[in-house]
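Trainee: Provided below for reference: sequence and predicted model.
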Amino acid sequence: MSWVRMWIHLVFTTKNRSKILTAKKTRDKLFEHIKENAKKKGIFLDVVNGSDDHVHCLISLSKDLTISKTVQLIKGESSHWFNANVGVEKKLSWQDDYWSVSVSESHVSCVRKYIKNQEKHHKRKTFSEEIDEFMKKYSWQQN
């Protein structure tokens with residue numbers, strides 16, 4: 001029997017970073033749905049949270065799904081569900097791109113805590129500032 005444990009911190013944004021998810025109640029409904037849908041599709045999504053224009057997920061990657069396929073299953077279905085069920089003025093669309101990095105087992109609890117505290121975190125720092133900080137801190141280059 002295969003056993004795979006590959007933690008991924010996934011971040012994706014609304015199209016053009018539109019602030020569609022401003023209401024906490026709306027975000028919570030979406031995040032709960034994303035988690036339920038992931039479970040149905042065999043994706044182990046440990047925690048999901050975000051702010052008004054983006055979503056963070058901590059995922060343990062399946063042996064059967066690539067990162068790309070996992071992201072496609074989460075994003076595509078969630079925007080369709082949101083637009084059909086939540087009833088806000090603007091339609092939710094996700095940006096085509098996403099950001100993902102591996103997380104070592106020893107850092108999972110730290111990343112989990114970071115994701116759970118997104119609302120508080122983004123009162124101090126914008127999403128763009130956050131990404132720029134990560135890029136500099138870890139010397140990452142955009143491909």
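Mentor: Received the coordinates, thanks.
Trainee: tell me which residue is most central in this protein.
Mentor: The chain has residue 56 as the residue nearest its centroid, 2.9 Å off, counting by Cα atoms, centre = their mean.
Trainee: surely it is within a strand?
Mentor: Yes - remark: residue 56 belongs to a strand, assigned using DSSP: H, G, I helix; E, B strand; the rest coil.
Trainee: I figured it hits residue 49, correct?
Mentor: Yes - look at residue 56 against residue 49 with Cβ atoms under 8 Å: they come within range, at 5.7 Å. To be clear about C-beta, it is placed using only N, CA and C from the backbone, and glycine gets the same treatment.
Trainee: between these two, what contacts are shared?
Mentor: 115, 118 (Cβ atoms under 8 Å, 6 or more residues apart in numbering).
Trainee: what does the average pLDDT come to for the helix or strand encompassing residue 84?
Mentor: For residue 84, the element it lies in under DSSP states H and E is helix 67-85. Average pLDDT, helix 67-85: 93.
Trainee: just checking, what packs against the helix or strand just after it?
Mentor: Sequence-wise, the next helix or strand downstream of helix 67-85 (DSSP H and E) is strand 99-103. Under the contact definition 3 or more Cβ pairs under 8 Å, 6 or more residues apart in numbering; DSSP states H and E, strand 99-103 sits against strand 7-13.
Trainee: all set now, cheers.
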